[in-house]
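>>> have a look; sequence and predicted model below, questions after that.
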Amino acid sequence: MTPCFVRVALDHPLTALYDYRYPPDAPAPQPGMLVRVPFGRREAVGLIFEVSTHSDVPANKLRDVSAVCASCPPLSEQWLALVGFAADYYQRGLGEVALPALPQALRDPARWARLLAPEERYRVLPAGREALPDALPARAQALRRLAEALVAAGALDLADARALHPKAAATLESWCEAGWVEYECVEFGAAQAHANVAAKTTDAAAQSSTQVALHQLSDEQAEAVEAILESRGFAPFLLHGVTGSGKTEVYLRALAGLLEREPGAQALVLVPEINLTPQFEAAFRTRFAGVLPDDAIVTLHSGLAEGERARHWLAAHTGRARIVLGTRLAVMASLPRLAMLVVDEEHDPAYKQQEGLRYSARDLAVWRAKQLELPVVLGSATPSLESWWQAEQGRYTRLTLSRRAVATAVLPTVKLIDLEEERRRGRASFEGLSGPLIAAMKARLERGEQSLIFLNRRGYAPVLSCDACGWVAGCPRCSAYVVLHKPERALRCHHCGWESRIPHSCPDCGNVDIAPMGRGTQRIEEALASAVPGARVLRIDADSTRRKGSAQALFSDVHAGEVDILVGTQMVAKGHDFQRVSLVGVMNADNALFSHDFRASERLFAQLMQVSGRAGRAGLAGEVMVQTRYPRHAIYHALARHDYVGFANSQIAERRDAHLPPFVYQALLRAEGRTLEAALAFLAEAAQALTTMPTASRVMAYDAVPLTIVKVMNVHRAQLLVESGSRAALQATLRAWLPTLRGLRGVLRWNLEVDPLDI
């Protein structure tokens, strides 16, 4: 028998593929198959990229593949090409891209045999939903985690349950006897059925918005849908629609037309944040009820239990799932019959991964559409300047929705509250809430309407200080102040997680009169109870939504009208269709006006436009009040006119004059060392090596500088920015530079990011 050899990618920083002998009694080898192989002294899971009858390595020095994952069909040639492009463009190893893109269950050989097997799981019953939260001891943390996960997900398989509680099997059996939980065994094809239960009971707002969307399309919506459906081959569209203009309806109609035209086709819809998936899923399930099977719509995001994520991924991989809704990680999902891609809120920075492989899901979606010759729709009320420039150059087709979808809904009026003028006239404010804003909230309360207060700073106060000696509470591990969290009576670092109790007096001078400075969402929530008596106030931020399923429950309360004033961070600023919100108040926006980041203006304008769009969506007269000390700033004037086009064109002109993206291409080398001197020395050596590269004359390197927050977790950080007017020249330089970087020593770690967003 002719010997067979395979080259395998492993999750390892080196770019090399590793040669192994393939066992003759295993299924015929194919690229894209998952295998278990010996690697050093351990066993590792890898992915076959090449199959050959000979090897450059002597056969007696090769080791055998230990096992093959026969239950997972091989990944397609197109998927491997996507991984290859991402690895090459973002300067990472094939295995570093391919393996993390797969669900954990596929990277665990112990679970391979059960991948497509019937699923044994425990489903919570209505009696359990009511009883479990109050029936468990407060100190039984693992038990509470299991109960909370079960109630949030609706059902858990035994493997996921055991990951939460070591004695999960016995516990779940006892809950079955109590009538709280039900055991069931489900075939693979129906494994997503329990997701429908949650989707069908999703908040009333998502349902009502879907009903509104069933009305006749506006002329602009109809033209957009027609353009998408009539496109052939690679067709990138930039759907620029004002907030509330019905972009989701365009997605739904285009996908409906596609699925009708191409039986068996698949579509991928990306959203920037997990908390946006429930309302999207509800809208899609309602629209395609009776058209697609129950398990044909699945979600993919990091909030899913590992078993659930694996089932959804396999449903997409086997073609059973027709529509996949997900966050940025879903862009790497295997979809063998992919026919359309949609990226909602395409401008959102959340599409850029900031750890590990630092990829842009939006950019990979566009590349994937080009690779497969498909249409891709990028939707936003405030497109990124990169996408806007592509449309200006004619590379993207711009589709415009200039009016709100509901005939009676108009864009909200924007009022700028001059805080300096308020102070000069002696008008009182309450905890940062101006008199006009408080009066406006009271008026909405009397009319039974809702208000939204936007403050992109969680916690109670950003600083705790002593007036007597100037002491400020700082993190012992980071060069940053700690944030006061009053409900937990704790000081917490938002960079490393360090936490301590609030001191009774100043640690330096003993003064007991230490006080918070500044305001966070917790402080505003507390202030509103006094400023607007009788109002039901709800806070939604990263602190109030830590438990799985809590964000969806809180948003459901808002949609159900059980909240009068919503206080929130950027979590509430985009994508949500709040039918009763008629007032949006914006606090503390001025800080971004003085940022060192050249993208700060773009982000601030997008954030303000997005949160402004939450007001007046269902025919109520909407009003936005922005508290500022700089009411004559150009950003605020553009916001008042809802003039994204004017703002974008002015920013493009500034970027062109300053030679900034999208007119240049950048990469950022970051180094982390035990001392700042070590990090800077590493970057200086790297910069010197860069000058020896063949294309160095076409690349510019700036001086190495410390990061703004220079120390995190006792590690000092610095960066070196590299840029070029040619993307090809930058890529060639980075490719040649990497081997030298891997040979440098003196730092704990370093990473290279292509197309950085945070500089």
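Here it is on my side, so go on.

>>> every contact and neighbour count from this point should use C-alpha atoms.
Fine.

>>> need the residues that contact the helix or strand hosting Gly379.
Using DSSP states H and E, the element containing Gly379 is strand 375-380. Contact with strand 375-380 is made by 228, 231-242, 247, 339-347, 365-366, 369, as judged by C-alpha atoms under 8 Å, 6 or more residues apart in numbering.

>>> quick one: average confidence on the strand or helix carrying Ala227?
Ala227 is part of helix 219-230, with elements assigned from DSSP H and E. If you average the pLDDT over helix 219-230, you get 96.

>>> output that helix as CSV - backbone C-alpha positions only.
This file holds the C-alpha atoms of helix 219-230, laid out as CSV (Å, rounded to 0.1, in the frame of the first residue of the first chain):
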residue,chain,number,x,y,z
ASP,A,219,-39.5,53.6,-2.5
GLU,A,220,-36.0,53.8,-1.1
GLN,A,221,-36.3,50.4,0.6
ALA,A,222,-37.7,48.8,-2.5
GLU,A,223,-34.9,50.2,-4.6
ALA,A,224,-32.3,48.8,-2.2
VAL,A,225,-33.9,45.3,-2.1
GLU,A,226,-34.1,45.3,-5.9
ALA,A,227,-30.5,46.3,-6.3
ILE,A,228,-29.3,43.6,-3.9
LEU,A,229,-31.4,40.8,-5.5
GLU,A,230,-30.4,41.8,-9.1
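
>>> show me the shaky parts of the protein.
Applying pLDDT under 70 to the chain flags residues 1-3, 138, 186-215, 408, 548-549.

>>> follow-up on the earlier one: buried ones from the contacts of strand 375-380, can you make that a PyMOL selection?
To isolate the buried members of the contacts of strand 375-380 in PyMOL, using 16 or more other C-alpha atoms under 10 Å:
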select buried, resi 228+234+235+236+237+238+239+240+241+242+247+339+340+341+342+343+344+345+346+347+365+366+369
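
>>> filter the contacts of strand 375-380 down to the ones in helices?
In this view, those that belong to helices under DSSP state H are 228, 247, 365-366, 369.

>>> what about the longest helix in this structure?
helix 727-743.

>>> what's the angle between the helix or strand just after that helix and helix 727-743?
Counting by DSSP H and E, the element after helix 727-743 in chain order, helix or strand, is strand 749-754. In terms of direction (axes from the mean of the first three to the mean of the last three C-alpha atoms, to 10 degrees), strand 749-754 departs from helix 727-743 by 170 degrees.

>>> what comes into contact with strand 749-754?
89-91, 358-359, 666-673.

>>> mind saving the C-alpha coords of that strand as CSV?
What follows is strand 749-754, C-alpha atoms only, in CSV (Å, rounded to 0.1, in the frame of the first residue of the first chain):
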residue,chain,number,x,y,z
ARG,A,749,5.5,39.2,24.9
TRP,A,750,4.8,41.3,21.7
ASN,A,751,2.1,41.3,19.1
LEU,A,752,1.7,42.8,15.6
GLU,A,753,-1.7,44.3,14.6
VAL,A,754,-2.6,45.1,11.1
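
>>> re the thing from before, tell me how far the strand holding Gly379 lies from the chain's centre.
Offset of strand 375-380 from its chain centre (C-alpha atoms, centre = their mean, to the nearest Å): 17 Å.

>>> what's the answer for stretch 319-334, then?
For stretch 319-334 - counting by C-alpha atoms, centre = their mean - the centre lies 14 Å from the chain centre.

>>> can you give me the first-to-last residue distance of that stretch?
9 Å (C-alpha to C-alpha, to the nearest Å).

>>> give the buried residues for that stretch.
Buried, per 16+ other C-alpha under 10 Å, within stretch 319-334: 319-334.

>>> what's the most distant pair in these?
Of all pairs drawn from the buried residues of stretch 319-334, the greatest distance, 21.1 Å, lies between Arg320 and Arg328 (C-alpha to C-alpha).

>>> in strands, which of the contacts of strand 375-380 fall?
235-241, 339-344 (DSSP state E).

>>> now tabulate those in JSON lines and tack on distance to Glu260.
Formatted as JSON lines, those follow (distance: C-alpha to C-alpha, whole Å):
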{"residue": "Ala235", "distance to Glu260": "19"}
{"residue": "Pro236", "distance to Glu260": "21"}
{"residue": "Phe237", "distance to Glu260": "21"}
{"residue": "Leu238", "distance to Glu260": "23"}
{"residue": "Leu239", "distance to Glu260": "22"}
{"residue": "His240", "distance to Glu260": "26"}
{"residue": "Gly241", "distance to Glu260": "26"}
{"residue": "Ala339", "distance to Glu260": "12"}
{"residue": "Met340", "distance to Glu260": "13"}
{"residue": "Leu341", "distance to Glu260": "16"}
{"residue": "Val342", "distance to Glu260": "17"}
{"residue": "Val343", "distance to Glu260": "21"}
{"residue": "Asp344", "distance to Glu260": "22"}
